[in-house]
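Asks: what follows is a predicted protein model with its sequence.
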Amino acid sequence: MMLLTLDRIPLPPNFAERLKDETRSLHRKAEQTGFMRLLIGGRMGAPAYCRLLRNLLALYSALEPAILRQAKHPLLAPVVGLDLFRCAALRADLRALSCDEETALRSVEPLAAATQAYVQRLRGFSETGPERLLAHAYVRYMGDLNGGQRLASIVANALQLAGREGTAFYEFGGAACTAALSGAFRESLESGAADPEIADTIIAEAQWAFAQHITLFDELASQADPAA
Ligand code: HEM
């Protein structure tokens, strides 16, 4: 019985729908923060955008190694297989935007308090807690694969970037590939019969992640002039 559980951790049918439903209102709130409206409206200045990328880099830098450490776990193996990791792309964008990536890494400009708390939380799941890591992977990568796709051209126009320079973060191999990855991620959430306890934990953690993004966006909006 134990072996079976380790072999394949099933989630309830329609789990992807439930996860989406139960995070919908928080998604809307995140979308409607002043910081996101500035970004989607093409009115964010380069310094604020770089600050966002630096904070996201810290988040993904905590998330991705933690996922890799538990890469063989049945809940995380499908995510690893999709090759979604964003750290390299974020570093490339920070370089292309002439933001000093080292500045962020050396903490000359401190990370937002919300990011620091986020990273601390993720570190707590680095050896155990695959279901919670899956929740964070869902919030980040599904966001990047869906709504995030609209941002590439908006950011390129707002920051007057040439070609794809500075927007590697949104690049998943073209529209068809991006849609396929999003579908595959959803499918990986749908597999198998019910495990309500794991499902509830994933949903609660995804709600925490959305709420923490809202805190982060509000904090970033309050730093300097984000539209500068
Ligand atoms: C300007 C802000 C944003 C816009 C315009 C936006 C827009 C969208 C759109 C259009 C979808 C596809 C919805 C569908 O399939 O019905 C989506 C999905 C998603 N977004 Fe966003 N989004 C934004 C911000 C965010 C943020 C900040 C996060 C995470 C913190 C996020 C996480 C997600 C997730 C996880 C999904 C997948 C939902 C699912 O199919 O289960 N989004 N977004």
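Replies: Yep, it's here.
Asks: what is the burial count for the residue lying closest to P226 once chain neighbours are set aside?
Replies: Spatial nearest neighbour of P226, excluding adjacent residues (CB to CB, 6 or more residues apart in numbering): A48 at 3.8 Å. To be clear about C-beta, it is placed using only N, CA and C from the backbone, and glycine gets the same treatment. A48: 21 surrounding residues under other CB atoms under 10 Å.
Asks: the strand or helix carrying A48 packs against which elements?
Replies: Assigned by DSSP states H and E, A48 belongs to helix 46-69. Counting contacts by 3 or more CB pairs under 8 Å, 6 or more residues apart in numbering; DSSP states H and E, helix 46-69 is packed against helix 34-40, helix 77-81, helix 87-96, helix 101-105, helix 113-123, helix 130-137, helix 196-222.
Asks: so which of those helices gets nearest G166?
Replies: helix 87-96 (4.1 Å; CB to CB).
Asks: tell me what angle the closest one forms with helix 46-69.
Replies: 160 degrees (axes from the mean of the first three to the mean of the last three CA atoms, to 10 degrees).
Asks: what does helix 87-96 rub up against?
Replies: With CB atoms under 8 Å, 6 or more residues apart in numbering as the test, helix 87-96 has contacts from 50, 53-54, 56-57, 60-61, 64, 101, 104, 161, 165-169, 171.
Asks: ChimeraX command to pick out the buried ones of those residues?
Replies: Buried residues within the contacts of helix 87-96, by 16 or more other CB atoms under 10 Å, are selected in ChimeraX with:
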select :50,53,54,56,57,60,61,64,101,104,161,166,167,168,169,171
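Asks: pick out the residue in the chain sitting closest to the ligand.
Replies: With CB to the nearest ligand atom as the measure, G147 is the residue of the chain nearest to the ligand, at 2.3 Å.
Asks: ok, that residue - contacts?
Replies: Contacts of G147 (CB under 8 Å, 6+ apart): E31.
Asks: next, count neighbours for the nearest residue to T201 once chain neighbours are set aside.
Replies: Nearest residue to T201 in three dimensions, chain neighbours excluded: E131, at 5.0 Å (CB to CB, 6+ apart). Using other CB under 10 Å, E131 has 23 other residues around it.
Asks: correct me, but E131 touches E197?
Replies: No - counting by CB atoms under 8 Å, E131 stays clear of E197, with 9.0 Å between them.
Asks: so for stretch 141-155, what gets flagged as buried?
Replies: Going by 16+ other CB under 10 Å, stretch 141-155 has these buried residues: 141-145, 148-149, 151-152, 154-155.
Asks: regarding the most centrally placed residue in the chain, what is its secondary structure?
Replies: For the chain, the residue sitting closest to the mean C-alpha position, by CA atoms, centre = their mean, is R140 at 1.8 Å. Secondary structure assignment for R140 (DSSP: H, G, I helix; E, B strand; the rest coil): helix.
Asks: list the residues that contact it.
Replies: Counting by CB under 8 Å, 6+ apart, R140 touches 59-60, 63, 86, 209.
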